[in-house]
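**Student:** coordinates only, sequence not included:
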């Protein structure tokens with residue numbers, strides 16, 4: 001058996017089952033693969049995929065694939081139609097890091113409300129900035145309204161944790177009929193009422209750019225935006241402009257439309273913006289769960305069993 005890992009940051013390939021072969025490839029800046037990369041997948045039994053593209057050309061070069069295993073939740077980087085035409089099953093990992101991402105979301109929210117980052121920078125520079133920080137405003141989470149956009153596994157985990165702070169939760173998710181413990185509302189109401197708006201939806205044609213200048217203009221000037229889902233949900237240039245102009249108070253971002261974030265990107269210069277490099281779901285514990293799920297699915301496929309958590313079943317001939 002041969003596993004080809006499509007990863008920008010390799011490291012898990014050493015966990016390949018004993019006796020199996022493996023290789024690591026990575027797409028170029030234009031999201032295309034070299035001829036050497038395509039030769040590498042010709043005899044691959046499995047593709048294990050991070051955020052790299054799995055497109056028609058790559059799948060066409062792979063002659064004996066048993067499974068495409070996504071390392072994570074979203075799968076917008078995988079051409080599911082091309083996989084289905086070739087009868088190649090695709091599997092995901094729906095819940096391995098829901099609690100992990102929820103913790104990161106809560107951390108960003110609390111750090112922004114309490115101005116932790118600014119306080120740390122000023123104190124490391126030798127200041128005692130209590131007057132400056134308090135003067136800008138530090139706030140409780142208790143009593144605030146938190147708008148949760150998307151109430152899947154991560155969104156629900158966030159809402160549950162937020163509720164423990166005696167904050168009010170509003171959510172919007174057209175795929176969910178109703179959750180007794182939380183109040184449903186349309187996005188327009190969340191934009192108007194939320195003190196904190198946090199995004200937890202997949203990236204689709206409908207959700208791409210769902211938070212742009214118009215939506216940011218509907219939010220409170222004291223509101224915070226948190227995005228630990230997908231960067232392209234937000235027009236990041238419009239967000240930087242809104243923060244600089246004081247139309248919203250700040251943001252906590254773990255994901256960006258283009259990664260890595262460019263060194264000259266205006267979000268790097270914004271006050272009251274916390275930036276993390278797509279690490280919300282990458283704790284040691286979550287990574288171990290991810291690897292365990294990966295190995296189980298590869299071994300199932302090798303034994304001729306259907307994968308767990310299929311995104312798309314093999315095409316029927």
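**Tutor:** Good, I have the coordinates. On a predicted model such as this, the values are computed, not experimentally measured, just so you know.

**Student:** identify the single longest helix in the protein, thanks.
**Tutor:** Across the chain, the longest stretch assigned as helix under DSSP state H is helix 284-302.

**Student:** and for that helix, what's in contact with it?
**Tutor:** Applying C-beta atoms under 8 Å, 6 or more residues apart in numbering, the contact partners of helix 284-302 are 1, 3, 12, 15, 17, 45-46, 48, 66-67, 69, 71-72, 89, 91, 93, 96-97, 100, 306-309. For the C-beta atoms, the positions are set from N, CA and C on the backbone; glycine is no exception.

**Student:** and the buried ones among those, selectable in ChimeraX?
**Tutor:** For the buried members of the contacts of helix 284-302, the matching ChimeraX selection, counting by 16 or more other C-beta atoms under 10 Å, is:
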select :1,3,12,45,46,48,66,67,69,71,72,89,91,93,96,97,100,307,309
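
**Student:** hmm, back to that, mean confidence score for the longest helix of the chain?
**Tutor:** If you average the pLDDT over helix 284-302, you get 95.

**Student:** give the contact list for the residue positioned nearest the centre of the chain.
**Tutor:** Central residue of the chain (C-alpha atoms, centre = their mean): residue 229, 3.4 Å from the mean position. Taking C-beta under 8 Å, 6+ apart, we find residue 229 in contact with 150, 154, 199, 200, 201, 202, 203, 255.

**Student:** helix or strand: which one has it?
**Tutor:** In this assignment (DSSP states H and E), residue 229 forms part of neither any helix nor any strand.

**Student:** quick one: residue 236 and residue 273, what's the gap?
**Tutor:** 10 Å (C-beta to C-beta, to the nearest Å).

**Student:** residue 16 now?
**Tutor:** In terms of C-beta to C-beta, residue 16 sits 39 Å off from residue 273.

**Student:** OK, contacts around residue 222?
**Tutor:** 195, 248, 249.

**Student:** among these, which lie within helices?
**Tutor:** The helices, defined by DSSP H, take in nothing from these.

**Student:** can you tell me which of those residues has the most neighbours?
**Tutor:** residue 249 (23 neighbours; other C-beta atoms under 10 Å).

**Student:** residue 166 is in contact with residue 145, isn't it?
**Tutor:** No - using C-beta atoms under 8 Å, residue 166 makes no contact with residue 145, being 11.7 Å away.

**Student:** before we move on, the earlier item: distance to residue 59 and pLDDT for the contacts of residue 222 - can I get that in CSV?
**Tutor:** Compiled in CSV, the contacts of residue 222 are given as follows (distance: C-beta to C-beta, whole Å; pLDDT from 0 to 100):
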residue, distance to residue 59, pLDDT
195, 45, 98
248, 42, 98
249, 45, 97
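
**Student:** could you single out the nearest of those residues to residue 134?
**Tutor:** Comparing the contacts of residue 222 against residue 134 with C-beta to C-beta places residue 249 closest, at 15.4 Å.

**Student:** can you give me the helices in the stretch 51-200 of the chain?
**Tutor:** 56-61, 80-85, 98-113, 116-124, 130-136, 153-163, 187-193 (DSSP state H, counting those that start in this stretch).

**Student:** per-domain residue ranges of this protein.
**Tutor:** 2-94+284-312, 98-275 (automatic domain parsing).

**Student:** and the end-to-end length of the last one?
**Tutor:** So that's domain 98-275. With C-alpha to C-alpha, to the nearest Å as the measure, the first residue of domain 98-275 is 20 Å from its last.

**Student:** residue contacts, residue 93?
**Tutor:** 70, 71, 72, 73, 290, 293, 294, 309.

**Student:** can you pick out the most distant pair from those?
**Tutor:** 73 and 294 (13.6 Å).

**Student:** that older thread, can you list the contacts of residue 229 in CSV and add pLDDT and distance to residue 264?
**Tutor:** Below are the contacts of residue 229 laid out as CSV (pLDDT from 0 to 100; distance: C-beta to C-beta, whole Å):
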residue, pLDDT, distance to residue 264
150, 96, 31
154, 95, 31
199, 98, 25
200, 97, 29
201, 95, 29
202, 90, 29
203, 90, 24
255, 97, 19
